[in-house]
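>>> Sequence plus predicted model, see below.
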Amino acid sequence: MTTVLDVQGVRHRYGGTVALDGVDLRVGAGECVALLGPNGAGKTTLVNLVVGLLARQAGTIAIVGGDPRAAASRRELGVVQQSLGFPTTLKVRELVVGAAVRAGRPRSAAGPVLAELGLAELAGRRAVKLSGGQRQRLQLAMALVGDPALLVLDEPTVGLDVAARRSFWGIVAARCARGVGVLVTTHLIEESAGVADRVVVVDKGRVLASGTPDELVAVLPDRTIVATSSLEDSVLAGVPGVLSMTREGRWVRLRTREPEAVLRVLLAADPGLGDLRVEQAGLEEAVVSIGAGV
Ligand SMILES: Nc1ncnc2c1ncn2[C@@H]1O[C@H](COP(=O)(O)OP(=O)(O)OP(=O)(O)O)[C@@H](O)[C@H]1O
């Protein structure tokens, strides 16, 4: 797989604060990588270094082999960042045409992208009059019109409703399938599981874990036994191997790392046991546990 983003040994400090403490990260062509981490983990710093907004202090960053601040590399890059505002007077078409020209593409490249993103009918509208979801699609149109090899999306779906989010990710997935590499930061863990080929968990400026969403979930040994039970709560909580229990009406949820042993006890002792299932932890629990050093 061709590498479109290669980050190696990147460190960054703001005065005495260490924001990145030796980060390695790779995005291949056609790969969607989600960068997950709590507030202050270093995600924005990394994104700003990749898109050339911050000057590199230590380590290397290459976009399709080039320096992020070189003009040739910037043409390989499409960016959607939350904080971007639009000039008040400019219309949707003018902004997309401008982005095409800046990326060295013909003005005519704007038309197909406006159509692909469902913005053709809004092309004559001033950008500041768009809804939140339409603005995100406009930013994506401006990012895609340059035909980038790498898309960097910084919390791109914050504030969007479910339908707008689905449509946004549908467009990104289609580009990914055509070979564009994507780096996306998000707090929406379960959403990232749906779109990312690989999730990279960062905290305190370091990569804690990297893998497919399924791999990350698999590293967490916790399972939850869900069942109806006739046993008293205190008896259930006292079954060897049960880490915690909660009850919702007739249902109990038992967290354990030894599901077979707990099930054996329940099957022998609980005449009212029914509707039994064992669940794996979700991606959110996996990421929280990795962050907590589990
Ligand atoms: N301009 C700055 N000056 C000083 N410290 C900064 C600056 N920007 C970020 N930091 C610090 O660097 C660390 C990493 O911040 P960064 O914004 O990269 O994290 P983040 O993962 O994007 O967080 P969030 O999810 O809250 O946006 C934090 O400790 C933060 O306080």
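Structure's in. What do you need? Only a predicted model underlies this, so the values are computations on that prediction, with no experimental measurement involved.
>>> close enough to count as contact, residue 167 and residue 118?
Yes: using C-beta atoms under 8 Å, residue 167 is in contact with residue 118, at 7.4 Å. C-beta coordinates here come from the backbone N, C-alpha and C atoms, glycine included.
>>> Of those two, which one has the most company?
Neighbour count, other C-beta atoms under 10 Å: between residue 167 and residue 118, residue 167 has more, with 16 against 13.
>>> Which residues belonging to the host helix or strand of that one are considered buried?
Secondary structure assigned from DSSP states H and E places residue 167 in helix 162-177. By 16 or more other C-beta atoms under 10 Å, the buried positions in helix 162-177 come out as 164, 165, 167, 168, 169, 171, 172, 175, 176.
>>> With respect to residue 226, which of those is nearest?
residue 165 (28.5 Å; C-beta to C-beta).
>>> Surely the closest one touches residue 157?
Yes: assessed by C-beta under 8 Å, residue 165 is found in contact with residue 157 at 4.6 Å.
>>> For the two, list the residues in contact with both.
residue 191 (C-beta atoms under 8 Å, 6 or more residues apart in numbering).
>>> follow-up on the earlier one: what helices and strands are in contact with the helix or strand just after the helix holding residue 167?
Toward the C-terminal end, the helix or strand that comes next after helix 162-177 (DSSP H and E) is strand 181-185. Here strand 181-185 touches strand 3-14, strand 17-28, strand 32-36, helix 43-50, strand 150-154, helix 162-177, going by 3 or more C-beta pairs under 8 Å, 6 or more residues apart in numbering; DSSP states H and E.
>>> what pairs with the fifth one, and is each one parallel or antiparallel?
Within its sheet, strand 150-154 is paired with strand 77-81 (parallel), strand 181-185 (parallel), according to DSSP bridges.
>>> before we move on, what about the first one?
Neighbouring strands of strand 3-14 in its sheet, by DSSP bridges, are strand 17-28 (antiparallel), strand 58-63 (antiparallel).
>>> No further questions, thank you.
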